[in-house]
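Undergrad: Pasted the sequence and its predicted model underneath.
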Amino acid sequence: MHLRRTAPSEVFIVSGGGAGLVPELPCGHDLPSLSLHLFGQGGKDVGIVIPTCGAAQLFGAAAAFLEVHVSEEAAADFVQQLTEARAAAVRELRAAKQAAEAACCEAGLSSHGREHTCRTTPSA
């Protein structure tokens, strides 16, 4: 990633999205690449796969642009928002992992224990 301001061929305004991992495409540090699924206006969506080290450089460059062209406070706020979003996502992912490990079947997992295909009776 480079520090530069380029004009994109198309502007995609993001209104939501999700993230995941792509282990089949490791970065230069042998970490899985990141998968970003971005949703935009009018139901349009796009998927992006970016090496993990490239993503760190990209978000670092974004923070640098905020610091130099807006203010140090704006960059610090951006980094704080990243930190808070990471902490919230870690809690959510750990809870989902714990539920998956405790689930007796796929239906039990997806219904939060209300339905089962393994013939287990939900506990009261």
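TA: Nice, I can see it. Residues are numbered from 1 along each chain as shown.
Undergrad: and the helix or strand containing residue 85, what does it pack onto?
TA: For residue 85, the element it lies in under DSSP states H and E is helix 72-102. Here helix 72-102 touches helix 52-69, going by 3 or more CB pairs under 8 Å, 6 or more residues apart in numbering; DSSP states H and E. (Glycine included, C-beta is placed from N, CA and C.)
Undergrad: Leaving out the residues flanking it, which one is nearest to the residue most central in space within the chain?
TA: The centre of the chain sits closest to residue 19, judged by CA atoms, centre = their mean, with a distance of 2.8 Å. Nearest residue to residue 19, sequence neighbours excluded (CB to CB, 6 or more residues apart in numbering): residue 36, at 5.6 Å.
Undergrad: what does residue 116 give?
TA: residue 108 is the one closest to residue 116 (CB to CB, 6+ apart), at 4.9 Å.
Undergrad: roughly how far apart are the one you found and residue 98?
TA: 14 Å (CB to CB, to the nearest Å).
Undergrad: which one of those two has more residues nearby?
TA: The residue with more neighbours, out of residue 108 and residue 98, is residue 108; 19 against 10, by other CB atoms under 10 Å.
Undergrad: Which pLDDT value goes with the more buried one?
TA: On pLDDT, residue 108 comes in at 72.
Undergrad: biggest strand in the protein by residues?
TA: strand 14-26 (DSSP state E).
Undergrad: Quick one: name whatever helix or strand follows that strand.
TA: strand 32-40.
Undergrad: Show the average pLDDT along that next one.
TA: Strand 32-40 comes out at a mean pLDDT of 95.
Undergrad: Show me what that strand is in contact with.
TA: The contact list for strand 32-40 (CB atoms under 8 Å, 6 or more residues apart in numbering) reads 12-23, 25-27, 45-52, 55.
Undergrad: Are any of those residues buried, and if so which?
TA: Buried members of the contacts of strand 32-40, counted by 16 or more other CB atoms under 10 Å: 27, 50, 51, 52, 55.
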